[in-house]
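Q: Provided below are the primary sequence and the corresponding predicted coordinates.
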Amino acid sequence: MKVVYGHTDSIYVQIDSVEQAQKSIKKIEAKTLIMTGSDDPGSTVSMSKSLSKDLVNSKFVEVKNGKHLCSIECADDVNIALKNFIYN
């Protein structure tokens, strides 16, 4: 795996195989919030739940009626979920 681009809150990496990605994800121990909208066609609930299962210290939140821009469309729900995640 090699870093393609990174900045203070994200790192984009090039993964050579699905197997490599799965192994790398399972090594992440940081507290992680996986959140997606219930109606998001690009980052589906099933995709997000699967990712959450692979992360040992993660929480999954489904934003009801949210689409791909649920942080704008359902801002109150997203902010509440973020606050709960941070403070609990």
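A: That came through fine. Numbering: from 1, shown residues only.
Q: which residues in this structure form helices?
A: For the chain, applying DSSP state H gives helices covering 18-26, 45-54, 70-73, 75-87.
Q: nearest to L33, of those?
A: Nearest of these to L33, taken as C-beta to C-beta: helix 75-87 at 4.6 Å. C-beta: built from backbone N, CA, C; applies to glycine.
Q: Please export the C-alpha coordinates of the closest one as PDB.
A: The C-alpha trace of helix 75-87 is given here as PDB (Å, rounded to 0.1, in the frame of the first residue of the first chain):
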ATOM      1  CA  ALA A  75     -28.000  18.000   9.200                       C
ATOM      2  CA  ASP A  76     -29.700  17.800  12.600                       C
ATOM      3  CA  ASP A  77     -29.700  14.000  12.700                       C
ATOM      4  CA  VAL A  78     -26.000  13.900  11.500                       C
ATOM      5  CA  ASN A  79     -24.900  16.400  14.200                       C
ATOM      6  CA  ILE A  80     -26.700  14.600  16.900                       C
ATOM      7  CA  ALA A  81     -25.100  11.300  15.900                       C
ATOM      8  CA  LEU A  82     -21.700  13.000  15.800                       C
ATOM      9  CA  LYS A  83     -22.200  14.500  19.300                       C
ATOM     10  CA  ASN A  84     -23.300  11.200  20.700                       C
ATOM     11  CA  PHE A  85     -20.300   9.400  19.200                       C
ATOM     12  CA  ILE A  86     -17.800  12.000  20.400                       C
ATOM     13  CA  TYR A  87     -19.200  12.300  24.000                       C
END
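Q: Please spell out which residues along it are buried.
A: Neighbour-count burial for helix 75-87 flags D77, V78, A81 (criterion: 16 or more other C-beta atoms under 10 Å).
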